[in-house]
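Trainee: below is the structure, and that's it, no one-letter string:
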Ligand SMILES: O=C(CO)[C@@H](O)[C@H](O)COP(=O)(O)O
C-alpha cells in the first residue's frame, strides 16, 4: 500500500469534482495536493479522462517534478503546480480547469473586474490575468513559464496569494489554489460563477466598471472576519 494513500485519495476526490461541477470536459484540467513534510505532490495523471480515473492512477512527484510513485505520466501542468507550491508557502492544493467563462476572460486577456458582492465576498481586487508569454518562453518551457507568469503577476500587483487565490493565465485558463485540494476546487467553482456573472453584466451594461469600494469592503470583511464596519452601526 502506498505511504501516500491518504493524499492520493484527497487529490482523487478533488479531481472528481471537476466534471461533477462541469468545470472541464474529457481530460482538460487537473488538481494536485502537496505534503510539504514529505516534499511530494500528488497530481492527476496526464491525458486520463475523468470517468476512467482511479485513486491508484494519481501520480506522486517530488518538488523538482521527478517521479516518485506511479505508472502514468504526471499532468503536463505539473511544473506549474510545483512552482506555485514552492512560492506560495501556505497553499495545500492547486486546481487548473478549462471552465468556459473563465477561459473566455483568459483568452480575451482581460482581468475580471469586481462588479458585485458575489465577487467581493471572495476577493476585493479584480481577478488578475497574466501577461502574454514571449515566443522564447513558450518554446523554452511553457509549463514552468506559466508558473513564472503567475508569480510575476502577483509580484507586479503586490497581490497576496492567501487573499487572491485565483488567476487567469492569458490564452490558457484559470488556476486556483487553497489550503487543501478541495478548497482549490471550491475556488475554481467560485471563479467560474464570477466570470459568468461579470460577462453577462457587461453584456447588459457595457459601461459598468466596478462597484463602490465601501460595498466591496463590507462584503469581503464580513465574510473574512475582519468587518471594517463592526461597531459603526452599518
Ligand atoms: O491546458 C492544457 C492543455 O492545453 C492542459 O491543462 C490539459 O487541459 C490537461 O493536461 P493533462 O493534465 O491531462 O496533462
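Mentor: Thanks, I have the structure now. Only a predicted model underlies this, so the values are computations on that prediction, with no experimental measurement involved.
Trainee: quick check: next helix or strand after the helix or strand hosting residue 31?
Mentor: Element membership for residue 31 (DSSP states H and E) is strand 30-35. Next in sequence after strand 30-35, counting helices and strands by DSSP H and E, comes strand 40-43.
Trainee: could you point out the helix or strand that follows that following strand?
Mentor: Counting by DSSP H and E, what follows strand 40-43 is strand 59-62.
Trainee: list the neighbouring strands of the helix or strand just after that following strand plus their orientation.
Mentor: Using DSSP H and E, the helix or strand that follows strand 59-62 towards the C-terminus is strand 67-69. Note on strand 67-69: by DSSP bridges, its sheet partners are strand 59-62 (antiparallel).
Trainee: can you pull out the low-pLDDT segments for the protein?
Mentor: 226-234 (pLDDT under 70).
Trainee: tell me the centre residue of it?
Mentor: Geometric centre of the chain, nearest residue: residue 176, 1.1 Å, by Cα atoms, centre = their mean.
Trainee: beta partners of that one?
Mentor: residue 95, residue 166.
Trainee: which ones are touching it?
Mentor: 94-97, 165-167, 184-185, 187-188, 191 (Cβ atoms under 8 Å, 6 or more residues apart in numbering). Using the backbone N, CA and C atoms, a C-beta is placed for each residue, glycine as well.
Trainee: try it again with 10 Å
Mentor: 23, 31, 91, 93-97, 102, 127, 164-167, 183-192 (Cβ atoms under 10 Å, 6 or more residues apart in numbering).
Trainee: one more: residue 34?
Mentor: Contacts of residue 34 (Cβ under 10 Å, 6+ apart): 7, 11, 40-43, 63, 81-82, 84-86, 91-94, 180-181.
Trainee: buried ones from those residues, can you make that a ChimeraX selection?
Mentor: In ChimeraX, this line selects whichever of these come out buried by 16 or more other Cβ atoms under 10 Å:
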select :7,11,40,41,42,43,81,82,84,85,91,92,93,94,180,181
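Trainee: hmm, back to that, so which of the contacts of residue 176 are in strands?
Mentor: Here DSSP state E is the test, and these give 31, 93-96, 166-167 as lying in strands.
Trainee: in TSV, list the residues you listed along with distance to residue 48.
Mentor: Listed next are those as TSV, based on distance: Cβ to Cβ, whole Å:
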residue	distance to residue 48
31	12
93	19
94	17
95	16
96	15
166	25
167	25
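Trainee: done for today, thanks.
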